[in-house]
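**Student:** pasted the sequence and its predicted model underneath.
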Amino acid sequence: MATPFREPPRLMMCPRCGDVLERVSDGVRTCTRCEGAWLANPTLDQAFGTTRWPAGASAWWRRALECPACAAEGVHDAMTPVLAGELIVDRCAAHGVWLDHGELGRLIGAPNVVELEAFYERLKPGGELPPALVEQRRRRQAELERRQREIEAYRAKLEAEQAKLAAEKQAAQEREAEAERAAERERLLELRTVAQGDVFAHEKQLVALREQVRGAEGKLADSRARLMEIDRQLDALSRR
């Protein structure tokens, strides 16, 4: 008897962090947390002409991840680690390959941020990107613009802080220079007071010396007068 209920779709979970993998298109899923990518065998065959991409020997010593496709079917089988050049990727012979973030880009020679876009160009040259990937691009662009705004705001904040620090430094230098000028003015005023006292003392001494000179000049005049009188008297005695 047919049941009125449909069987819920099986969810594929990220083998790295356990989050639900987001469907990008048939055969391609990604993890929004760790940004790893799952490529199913039909997609590998369409893009590279083989389900054994990337080729490489078994890295048997490496801890294996659980296949997300097997787990979605209720079978918990480990994938086979494969040494592809300098990378170790995880492959399930029955379902596909798991690539950690950046591994797809390194394998096909594309930057990490556009590795899936580069993969779809290989998968469908000149074709439109899947809506999910377009949305990822939109989110990425929005994130870049948000970060750019944050950087610009941070740069403006730094410039404002630097301008504030420069103004505070200049104000401090001006206060220091004013303090130095005030200290120099005070020192010169003290020197002026001392010099003025010396001038007053020397002027007083000069006045006293002038009085002494005038007294000496008076005595000199008296002495000259007596000398002249004595000379006159001597002349008078000589004529007698």
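**Tutor:** Nice, I can see it.

**Student:** state which helix of the protein is the longest.
**Tutor:** Secondary structure assigned by DSSP state H gives helix 131-239 as the longest helix of the chain.

**Student:** just checking, what packs against that helix?
**Tutor:** If you count contacts as 3 or more CB pairs under 8 Å, 6 or more residues apart in numbering; DSSP states H and E, helix 131-239 packs onto strand 22-25, helix 115-123. (Glycine included, C-beta is placed from N, CA and C.)

**Student:** how far is the helix or strand just after the first one from where the chain is centred?
**Tutor:** It refers to strand 22-25. Later in the chain than strand 22-25, the nearest helix or strand by DSSP states H and E is strand 28-30. Between the mean C-alpha location of strand 28-30 and the chain-wide mean there is a distance of 36 Å, by CA atoms, centre = their mean, to the nearest Å.

**Student:** what is strand 28-30 packed up against?
**Tutor:** strand 22-25, strand 37-40, helix 115-123.

**Student:** strands paired with that strand, and their directions?
**Tutor:** strand 22-25 (antiparallel), strand 37-40 (antiparallel) (DSSP bridges).

**Student:** so which of the ones you listed comes closest to residue 235?
**Tutor:** strand 37-40 (146.4 Å; CB to CB).

**Student:** which outside residues touch that closest one?
**Tutor:** Strand 37-40 is touched from outside by 12, 21, 26-31, 47, 68-69, 95-99, 101, 104, 115-116, 119, with contacts defined as CB atoms under 8 Å, 6 or more residues apart in numbering.

**Student:** go on, stretch 130-142?
**Tutor:** Under the criterion CB under 8 Å, 6+ apart, external residues in contact with stretch 130-142 comprise 22-25, 28, 30, 113, 116-117, 120, 129.

**Student:** save the residues you listed as JSON lines, and put in pLDDT and distance to residue 183 too.
**Tutor:** As requested, the contacts of stretch 130-142 are arranged in JSON lines below (pLDDT from 0 to 100; distance: CB to CB, whole Å):
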{"residue": "22", "pLDDT": "89", "distance to residue 183": "73"}
{"residue": "23", "pLDDT": "89", "distance to residue 183": "79"}
{"residue": "24", "pLDDT": "87", "distance to residue 183": "76"}
{"residue": "25", "pLDDT": "85", "distance to residue 183": "80"}
{"residue": "28", "pLDDT": "91", "distance to residue 183": "78"}
{"residue": "30", "pLDDT": "90", "distance to residue 183": "72"}
{"residue": "113", "pLDDT": "67", "distance to residue 183": "63"}
{"residue": "116", "pLDDT": "79", "distance to residue 183": "72"}
{"residue": "117", "pLDDT": "78", "distance to residue 183": "71"}
{"residue": "120", "pLDDT": "79", "distance to residue 183": "76"}
{"residue": "129", "pLDDT": "74", "distance to residue 183": "74"}
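
**Student:** farthest pair in those?
**Tutor:** Longest distance between any two of the contacts of stretch 130-142 is 20.1 Å, between 23 and 113; criterion CB to CB.

**Student:** which of the contacts of stretch 130-142 lies closest to residue 181?
**Tutor:** Of all those, the one with the least separation from residue 181 (CB to CB) is residue 113, at 60.4 Å.

**Student:** from the opening residue of stretch 28-44 to its closing one, how far?
**Tutor:** Between the opening and closing residues of stretch 28-44 there is a gap of 10 Å (CA to CA, to the nearest Å).

**Student:** just the buried residues from the contacts of strand 37-40, in PyMOL please.
**Tutor:** Command for PyMOL that selects the buried part of the contacts of strand 37-40, burial taken from 16 or more other CB atoms under 10 Å:
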select buried, resi 12+21+27+28+29+30+31+47+68+69+95+96+97+98+99+101+104+115+116+119
